[in-house]
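Enquirer: model this:
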Amino acid sequence: MKKWILGLFLFATAGAQAQRMTAEEQEAAIRQLTEEVQSLKKERSARAKIKAALPVFSGYMQVRYTYGTDVSEFKMRRVRLSLAGSITPKIDYKLQAEFSGFKLLDAYVDYKPFDELKIKAGQFKVPFSIENTDYSPTRMELLDYPLALQKLMGYSETVGKELLSATGRDTGLSLRGSFFDGGLSYDLGIFNGTGVSASENNKSKDVAARLMLRPAAGLTIAGSCFWGEYGAAHYKRQRSSFGACYDRGPAVLRAECFFGTTGIEGRGDVKSDGFYALAGWRFSPKWLAALRCDTFTADTDARSGTRQTNYTAGISWVPVKHLRLQAEYAHEDLSVRHANGVRMQLTASF
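Expert: Predicted structure coming up:
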């Protein structure tokens, strides 16, 4: 009996000792794991800081095929590479170049001390209209910008006797900001007025101003003005626009009106106007269909022969991420002739 009691006591003592050793081992393991987790967090934080400091390299290419009344052509529409990053949490920069006929597009530094005041200096999009700044070629529902925007904001614009092909950009300085959680925003910029990578050709500066209201989610209402003079002859270059856009969920509706006064050599100050209206529907994240009517009158005092209206219907398909296929049919109604065409475009981005 005594032997049995002694054995039971020794067994209980050994079990308690084993339990104490297990607890100590657990505590040691927990300490080790905690140290490893802290080390991993520090390492991850260091990598994140290094990654944040490194520039982001991106780009896209667009290959287009056009078949129409007078053309059947494959074309590299755009080949763009960009480098963007942050110098500090409040200072960003971007460089972007076009390689299908080399052209420097964007080269700017953006200082953002407050939501109410941000300062951008360099070469960038002129803050004029909704379409020019808010819809890049990789976001556009159709293949080209509306006629009025092309003809009045330096995409394919004649001033004096020269043709500007500035992709809506210029070199200068802009102030911008927003209030009421983005419900009201403004842009004010001063520019050379000569387009991308072009030296100033007079002593005057061009001014752009835009005011945007966002009264509801997805809804933007905007008005823009542009005052400038071009060349040694100080050809007048004045533009204004107003419009609205609703882009939320499956629906996109956008319309803008444009007005311009342009100095043309041998013709004086020529007034022009135009508008576009676009409606689109996203059937799924991969499919979108859009319709647009846009018109431009190059000389409102002599409308006959100077007005063009385009009717365009298109569809976009995104089979996989970073790849988009677009096809559209366009009917061009000019005062002197009519034309029809089909265009297809492949966009690949990274």
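
Enquirer: Could you point out which residue ranges in this protein have low pLDDT?
Expert: Scanning the chain for pLDDT under 70 picks out 1-21, 26, 46, 49, 52, 303-304.

Enquirer: Nearest residue to the middle of it?
Expert: residue 136 (4.2 Å; CA atoms, centre = their mean).

Enquirer: so residue 109 sits right up against residue 121, yeah?
Expert: Yes: using CB atoms under 8 Å, residue 109 makes contact with residue 121 at a distance of 5.6 Å. To be clear about C-beta, it is placed using only N, CA and C from the backbone, and glycine gets the same treatment.

Enquirer: The residue nearest to the centre of the chain - that's part of a helix, no?
Expert: No: applying DSSP: H, G, I helix; E, B strand; the rest coil, one finds residue 136 to be coil, outside a helix.

Enquirer: hey, where'd the helices end up in the protein?
Expert: Assigned by DSSP state H, the helices in the chain fall at 2-53, 130-134, 147-152.

Enquirer: And residue 79, how far from residue 100?
Expert: 4 Å (CB to CB, to the nearest Å).

Enquirer: Over to residue 192?
Expert: Noted for residue 192: a distance of 24 Å to residue 100, by CB to CB.

Enquirer: Settle it for me: which of these two has more neighbours?
Expert: Legend: neighbour count by other CB atoms under 10 Å for residue 192 and residue 100, higher for residue 192 (19 against 14).

Enquirer: wait, what's in contact with the more buried one?
Expert: By CB atoms under 8 Å, 6 or more residues apart in numbering, the residues touching residue 192 are 170-172, 198-200, 205-206.

Enquirer: cool, residue 265 as well?
Expert: Going by CB under 8 Å, 6+ apart, residue 265 touches 160-161, 233, 235.

Enquirer: possible to save the residues you listed as TSV with neighbour count and distance to residue 218?
Expert: Formatted as TSV, the contacts of residue 265 follow (neighbours: other CB atoms under 10 Å; distance: CB to CB, whole Å):
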residue	neighbour count	distance to residue 218
160	20	41
161	11	43
233	14	44
235	20	39
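
Enquirer: Out of those residues, list just those in strands.
Expert: Those of the contacts of residue 265 mapping onto strands are residue 235, per DSSP state E.

Enquirer: Export the contacts of residue 265 as a markdown table, with columns for distance to residue 33.
Expert: Output for the contacts of residue 265, formatted as a markdown table (distance: CB to CB, whole Å):
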| residue | distance to residue 33 |
| --- | --- |
| 160 | 74 |
| 161 | 76 |
| 233 | 77 |
| 235 | 73 |
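
Enquirer: how does the chain divide up, domain by domain?
Expert: Structural domains assigned to the chain are 1-54, 55-349, following automatic domain parsing.

Enquirer: Straight-line length of the last one, end to end?
Expert: It stands for domain 55-349. Length of domain 55-349, first residue to last, CA to CA, to the nearest Å: 17 Å.

Enquirer: pretty sure residue 245 is in contact with residue 216, am I right?
Expert: No: shown here, residue 245 and residue 216 do not form a contact pair, counting by CB under 8 Å, at 11.8 Å.

Enquirer: the more surrounded of these two?
Expert: More neighbours surround residue 245 than the other of residue 245 and residue 216, with 22 against 10 (other CB under 10 Å).

Enquirer: what's across from the more buried one in the sheet?
Expert: Counting by DSSP bridges, residue 245 is bridged to residue 220, residue 254.

Enquirer: Identify the residues contacting it.
Expert: Listed by CB under 8 Å, 6+ apart, the contact set of residue 245 reads 130, 134, 219-220, 222, 252-255.
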